[in-house]
Structure formats: structure tokens, C-alpha cells
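>>> What follows is a predicted structure for the sequence shown.
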Amino acid sequence: MDEKFDCIVVGAGPAGSMAARILAENGVEVLLLEKHPEIGVPVSCAEAISCTGLSQFVTPNPEWISSFIHHVLLVSPSGKKFLLHHPDAGFVLNRKLFEKKMAEEASFKGARLKVNSCAVGLLDGKPDGFHGVAVLEDGKKKEYGAEVIIGADGVESWVARWAGMDSTLPLGQIESCAQYLVGEVEVEPDRLEFYLGQSVAPGGYAWVFPKSDNTANVGLAVTPDRTSKKAKEYLDRFVKERFPHFKVIETHMGGVPCFDRKISLVHQNVLLAGDAGRLVDSLSGAGISNALRSGKIAGEVASQYMKKGNRSSSYLRRYGEQFLEEKGRELRFYSYCRAIYLKMTDQDLDDAVSFLRDYFGNRTVTSIQPISLVKTILQSNRHLLRLLRHLVW
Ligand SMILES: Cc1cc2nc3c(=O)[nH]c(=O)nc-3n(C[C@H](O)[C@H](O)[C@H](O)COP(=O)(O)OP(=O)(O)OC[C@H]3O[C@@H](n4cnc5c(N)ncnc54)[C@H](O)[C@@H]3O)c2cc1C
């Protein structure tokens, strides 16, 4: 064993850095591993987050915010538009800087951060779990010991697989995404745009999220079992139509997992946080806020565990219980919404956008209750109400 820590966090994304910071604040000896040489690079994300989704966990800082969002535009398959005005809708982050700051903060609080350090396996040997992590660090094999291991290694989570946690994603349970950071385009710097329709993005949607008044994240997500074409083919068509003259600055491909309540977040002394535990809003694909929340709770529970004299790994199950107590209902609700969304025809989407336009008019909205809004939309559409009876939840 090269060195021993109380806790090892694999992955310095939002979930991992948050967990490491909380552990360090509680005086726990924590190692934070990141396989890339630079934190936040590459980052495959459209970078949008709501005000509340961020500020519950981190104080927003203009240093790592690209745009402040006050309007949201929804465009239906036939081109119907609904513009929502919300004074504090959210932000488009500069995630490269945001992630660096998050990891830096964890390190300032006392976490040991190692970049260019890829976890390559878990070390067996403990009766009720794993006694550490095997790491390829700057090309050299190392072994680090730990009482608790937090897998915050994203959608492809190898930590989950090594721990024997079922993390396979069927085609219908993942969104396949393609995104360009484009320049030399004209965008409203305080407006998110969403485009719906089977020909735009089957089973998903396209987005234009401004990074400034002439750059934007333009991307889309498709459900792979809905189309034989790749997300990038849809994106190439969409971006040309939306911005006849554009320059591609960066290209990103990636997958977004859908929430699955059957997936366990804890096995023995291994905890999964963020995308590794599929803690994503299945309708929008948003996962940053849940990554922060799950990292925080995982860090708190692991800290309490380390302070106990007589430790039983069953105590760690509190992490999964607490996360689901706080967010389980909402994530299940978004899973139902996605099931409904996948059944909607282009006509239904047109009707829903028209309904929203009439319902909200031109007024400024300061808060939205998603559950009651979805109920109201469904009640406005007899076809959807009929469909609901056939959905198996
Ligand atoms: C195209 C796209 C657009 C998106 N847009 C949005 C959006 O606008 N808003 C939103 O809220 N969400 C969005 N998401 C989802 C969001 O990006 C994720 O939910 C979020 O990044 C999850 O954070 P995380 O910390 O769990 O994982 P990640 O951000 O994936 O971080 C995991 C980290 O672990 C590291 N790692 C992986 N394996 C190892 C290993 N073996 N050893 C060491 N390190 C390892 C990785 O390098 C990475 O740094 C989008 C996703 C995609 C693909």
C-alpha cells in the first residue's frame, strides 16, 4: 500500500469535488483522484443550471458564470413559440472554471488532489467492502487505502462496475448528446432556447445556451432507440438551419443517464454520487445540481461514519436514504414526465407550446411548480390524458 486515507473520491467533477470538500471540512483525510491532467477539461455539458439548483450549494460567482438567464424560449415542431420571463431563471456556467474552483476549494480545505491519476480498480480484502483503490498515476501503478470510496466518476462509472453494482444502461435509458460551442453567431445573451420535434431530435430536444452575445452551446439529445441516426447528424442539420453562418470552436459528444430508482447508491463501503448513481432529471437531462447535492450528502455521511468508533458499513446506507428522501420524489416525477414526453406526437408538442403561451401570456414568472404545471398541461390535452392510462410506471 503506497499510502492510506480515510476516504477516496474518484472523479473531480461537481459531485466529487463537493464530496471531497465536505470531507476535508470535517477533518477527514481524503484523496480526490482525477484521470485528466487538467480539472474541467474536457467538459461535455451545456452548462445551464437554475439559480436555486446552484445557490443552495455554492455562492454564484461572476468569475465562473458566462451568462445570467432571464428568459426561456420554447419552439414547437411547427415553429410556435412560447417565451417565459423569469428574473432569476438561472445561469450558463463556465464549467471549466467552475470545476477548477470547486476542486481548488476542496484542496484548500485539506483534500489531497491528484490529477493525471486514473482509478483502475478497487482493492479487495475487507470483509464488508474494499480496502482501497488501484491507481495509474502519471503512468505508474499505485495502491491507496481507504475506509470509504466515493465513485463520482460520471456516466460510465467503473467504480460502480468494480463494486458489483448494476450500472448497465439500456438504450432507452440514456440520452445520446452532441454539442458544438459555436462562435460568430447572434444570440440573446440572457435567453435559453429549446427546440422540440421528432425531426429535430427524436426523444429529446435541441438547445441554444448563450455563452456571450456571439457564442453559444448549441446541442441536442436523442433517445438512441428512437432513431438509427447519430445525434451529430441531427445537430449538423439543426445548427445550419438556426445559424446559417457559424464557426465551430469545440465539439462534444456524451451520454446522459436517466434516473432509475432501482439502482442502488451504496454497496458495502462504496457510495455513488452524481451521474455515477444516475442522479439526473430524466426529462431535461440536467445533472449538475444533483451532482452537487449527492456529493454533499455523500461527504457528510462518510464524515459521520469516520467519526464513529465502532463502524459498520450499513451506516453508509444513510447516504442513499437521505438523498432519495430529499430528491427521490422529484426525480421519479421527471421520469414519468419523460415517459409522457416520449409518447407525445409533434401535434401534442405544438398544442402544449400553444397552451403554455396562452397560460402564461406575457407576465413575468418568479416561481414555477412543475408538478401542478404538468398536470394542467395534461388536463388541457385529451389525447395525452388517454395515453396516461397506458403508461406503465
Ligand atoms: C452534452 C451534455 C450536455 C449537458 N448539459 C447539462 C446542462 O446544461 N445542465 C446540467 O445540469 N447538466 C447537463 N448535463 C449533465 C451534466 O454534465 C452531468 O450531470 C454532470 O456533469 C454530472 O457531474 P458528475 O460530477 O457526476 O460527473 P462528471 O461531471 O462526468 O465528472 C466525472 C469526473 O470523473 C473523472 N473520472 C472518470 N473516471 C475516472 C477514473 N477512473 N479515475 C479518475 N477520474 C475519473 C472524469 O474525468 C470527470 O472529471 C449535460 C450532459 C451532456 C453530456
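Done, it's in.

>>> Every contact and neighbour count from this point should use C-alpha atoms.
Noted.

>>> how about the strands in the stretch 151-300 of the chain?
Secondary structure of the stretch 151-300 of the chain, counting by DSSP state E, counting those that start in this stretch: strands at 174-183, 191-195, 205-210, 215-222, 247-257, 266-267, 270-272.

>>> Now render these as CSV, adding distance to Leu33.
Rendered in CSV, the data for those read as follows (distance: least, Cα to Cα, whole Å):
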stretch, distance to Leu33
strand 174-183, 26
strand 191-195, 34
strand 205-210, 30
strand 215-222, 28
strand 247-257, 21
strand 266-267, 19
strand 270-272, 15
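
>>> Pick the most buried one from those.
When you average the neighbours per residue for each of those (mean count of other Cα atoms under 10 Å), strand 270-272 leads with a mean of 29.

>>> touching the ligand at all, that one?
No. Between strand 270-272 and the ligand, judged by Cα under 6 Å from any ligand atom, nothing touches; the nearest distance is 8.8 Å.

>>> Dump the strands of the stretch 151-300 of the chain into JSON lines; add mean pLDDT as well.
Rendered in JSON lines, the data for the strands of the stretch 151-300 of the chain read as follows (pLDDT from 0 to 100):
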{"stretch": "strand 174-183", "mean pLDDT": "96"}
{"stretch": "strand 191-195", "mean pLDDT": "97"}
{"stretch": "strand 205-210", "mean pLDDT": "98"}
{"stretch": "strand 215-222", "mean pLDDT": "98"}
{"stretch": "strand 247-257", "mean pLDDT": "94"}
{"stretch": "strand 266-267", "mean pLDDT": "96"}
{"stretch": "strand 270-272", "mean pLDDT": "97"}
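
>>> Any idea which of these gets closest to Gly151?
Of all the strands of the stretch 151-300 of the chain, the one in closest proximity to Gly151, counting by Cα to Cα, is strand 270-272 (4.7 Å).

>>> tell me what that closest one is packed against?
Secondary-structure packing of strand 270-272 (3 or more Cα pairs under 8 Å, 6 or more residues apart in numbering; DSSP states H and E): strand 148-151.

>>> Now find how far off-centre the strand it packs on is within its chain.
When C-alpha coordinates are averaged (Cα atoms, centre = their mean, to the nearest Å), strand 148-151 and its chain have centres 19 Å apart.

>>> Identify all contacting residues around the longest strand anywhere in the chain.
Here the longest strand in the chain is taken by residue count, with DSSP state E as the criterion, and it is strand 81-93. Contacts of strand 81-93 with the rest of the structure, by Cα atoms under 8 Å, 6 or more residues apart in numbering, involve 46-52, 64-75, 209-211, 353-354, 356-357, 360, 362-367.

>>> List buried residues within the residues you listed.
When burial is judged by neighbour count using 16 or more other Cα atoms under 10 Å, the buried members of the contacts of strand 81-93 are 46-51, 64-75, 209-211, 353-354, 356-357.

>>> so whichever helix or strand comes after the longest strand of the chain versus strand 81-93, what angle?
Counting by DSSP states H and E, the element after strand 81-93 in chain order, helix or strand, is helix 95-109. Between helix 95-109 and strand 81-93, the angle comes out at 40 degrees (axes from the mean of the first three to the mean of the last three Cα atoms, to 10 degrees).

>>> How about helix 95-109, which residues are buried there?
Applying a neighbour-count criterion of 16+ other Cα under 10 Å, one finds 95-107, 109 buried in helix 95-109.

>>> sorry, back to before: what mean pLDDT would you report for the longest strand of the chain?
Along strand 81-93, the predicted confidence averages to a pLDDT of 94.

>>> For that strand, buried residues please.
Using 16+ other Cα under 10 Å as the burial criterion, the residues of strand 81-93 that qualify are Lys81, Phe82, Leu83, Leu84, His85, His86, Asp88, Ala89, Gly90, Phe91, Val92, Leu93.

>>> Next one, pLDDT for the residue nearest the centre of the chain please.
Geometric centre of the chain, nearest residue: Gly287, 1.8 Å, by Cα atoms, centre = their mean. pLDDT for Gly287: 96.

>>> Surely it and Ala273 touch.
No. Proximity of Gly287 to Ala273 does not meet the contact threshold set by Cα atoms under 8 Å, at 10.7 Å.

>>> got the CA coordinates for stretch 20-27 in CSV?
Below are the C-alpha coordinates for stretch 20-27, written out as CSV (Å, rounded to 0.1, in the frame of the first residue of the first chain):
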residue,chain,number,x,y,z
ALA,A,20,-14.1,16.0,-1.1
ARG,A,21,-14.6,19.5,0.2
ILE,A,22,-17.2,18.4,2.8
LEU,A,23,-15.0,15.5,3.9
ALA,A,24,-11.9,17.8,4.3
GLU,A,25,-14.0,20.4,6.1
ASN,A,26,-14.9,17.7,8.6
GLY,A,27,-11.3,16.8,9.2
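
>>> What's opposite Lys247 in the beta bridge?
According to DSSP bridges, the partner residues bridging Lys247 are Gly183.

>>> quick one: it and Glu184 touch, right?
Yes. Taking contact to mean Cα under 8 Å, the distance of 6.2 Å between Lys247 and Glu184 places them in contact.

>>> OK, contacts around Ala352?
Counting by Cα under 8 Å, 6+ apart, Ala352 makes contact with Ile377, Asn381.

>>> can you state the direction angle for the helix or strand hosting it and strand 81-93?
Using DSSP H and E, Ala352 sits within helix 346-360. Following the same axes, to 10 degrees, one obtains 80 degrees for the angle between helix 346-360 and strand 81-93.

>>> any idea which helix or strand comes after helix 346-360?
Note on helix 346-360: by DSSP H and E, the next helix or strand toward the C-terminus is helix 370-379.
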